[in-house]
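Undergrad: got a predicted model here, sequence first, then my questions.
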Amino acid sequence: MEPNQLEVSPPEAASSAARAFAAALAETTQFKAFEQAYDTLRKDSPAQEALAAYREKARSLQAMLMLSAVEEAERAELERLKQDYLSRPGVRAYNAAEADLIELSQAVAGRISEAIGLNYAASCGASCCG
Amino acid sequence: MKNNGTIPPELNVATDELIRNLVSSKPLADYARAREQMHSDPQAHALLERLSGLQTDIRRKQAGGAVTQEDLKNLRAAQADVQSNGAIIAYAVSQQEAVSFLREINREISELLGMDFASLARQRTC
């Protein structure tokens, strides 16, 4: 059907479809797994402490990092703290769940973009560089 | 858990319905029409090609500090021509309106999800 042959629907129809879409996405196993992993990680005290330790170290080195003037031992310690956080089971589970949800969201947004002739994510202000 | 590009059936149905309603909404229908008209307007096409060519030329010359007043004059003239072409203007305006509408739709989706759907869907290329 040509664009000028389309019957224009009221904005409320798209809003209603958007809400139904959000509800369907929220019911997927990927979304539920992500929410579960997020909750678990939030309550994972050792992981939160590891994150705080990494952030504190990064904060203390921020000025030197910007100048590329951090000593090798300090840089290695920062990397060790980062890996300590990333290797925790709760963090790994969260990252895996997030990756699955992102993959699903990209697949769906890709279909929308293709159909409307506009990049959905980019149009909504999400650039690849944050 | 890997998706392998598979969208669950219920989400697939909801996505189809969302697409159907987006495509038939006024902002996106106007955008599709304006895009079609611009693409079928040879003058608009030629103007955009000329502007793009001049911009590429100037960027290349800038590296060597070789941009002349004549280059800038040609660029400004091409920009003025583009800005006075009805099909291009209609396309640009309709695109802005379509983007505003999409942002509103994304806000509704994101409010219900508790997170920004567009950010989840962005391609992480850098």
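TA: Here it is on my side, so go on.
Undergrad: tell me how far the closest residue to B:Ile89 other than its chain neighbours lies from B:Asp41.
TA: Leaving aside its chain neighbours, B:Ile89 sits nearest to B:Gln83 (7.0 Å; criterion: CB to CB, 6 or more residues apart in numbering or on different chains). Any C-beta I mention is one placed from the backbone N, CA and C, and that applies to glycine too. Look at B:Gln83 and B:Asp41: by CB to CB, to the nearest Å, they are 15 Å apart.
Undergrad: more crowded one of the two?
TA: Comparing B:Gln83 with B:Asp41 by other CB atoms under 10 Å in any protein chain shown, the one with more neighbours is B:Asp41, at 18 against 12.
Undergrad: now do the contacts for the closest residue to the more buried one other than its chain neighbours.
TA: Closest residue in space to B:Asp41, ignoring its immediate chain neighbours: B:Ala87 at 4.2 Å, by CB to CB, 6+ apart. Shown in contact with B:Ala87 (CB atoms under 8 Å, 6 or more residues apart in numbering or on different chains): B:34, B:37-38, B:41, B:43-44.
Undergrad: can we see that at 7 Å?
TA: B:37-38, B:41, B:44 (CB atoms under 7 Å, 6 or more residues apart in numbering or on different chains).
Undergrad: got it, and B:Asn74?
TA: B:Leu54.
Undergrad: got the CA coordinates for the host helix or strand of it in PDB?
TA: Assigned by DSSP states H and E, B:Asn74 falls within helix B:69-83. In PDB, the C-alpha atoms belonging to helix B:69-83 read as follows (Å, rounded to 0.1, in the frame of the first residue of the first chain):
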ATOM      1  CA  GLN B  69      36.600  32.000  -0.700                       C
ATOM      2  CA  GLU B  70      35.100  30.700  -3.900                       C
ATOM      3  CA  ASP B  71      34.600  27.200  -2.300                       C
ATOM      4  CA  LEU B  72      32.800  28.900   0.700                       C
ATOM      5  CA  LYS B  73      30.700  31.000  -1.700                       C
ATOM      6  CA  ASN B  74      29.700  27.800  -3.700                       C
ATOM      7  CA  LEU B  75      28.900  26.000  -0.500                       C
ATOM      8  CA  ARG B  76      26.600  28.800   0.800                       C
ATOM      9  CA  ALA B  77      24.900  29.000  -2.600                       C
ATOM     10  CA  ALA B  78      24.300  25.200  -2.500                       C
ATOM     11  CA  GLN B  79      22.900  25.400   1.100                       C
ATOM     12  CA  ALA B  80      20.600  28.200   0.000                       C
ATOM     13  CA  ASP B  81      19.300  26.200  -2.900                       C
ATOM     14  CA  VAL B  82      18.700  23.200  -0.700                       C
ATOM     15  CA  GLN B  83      16.800  25.400   1.800                       C
END
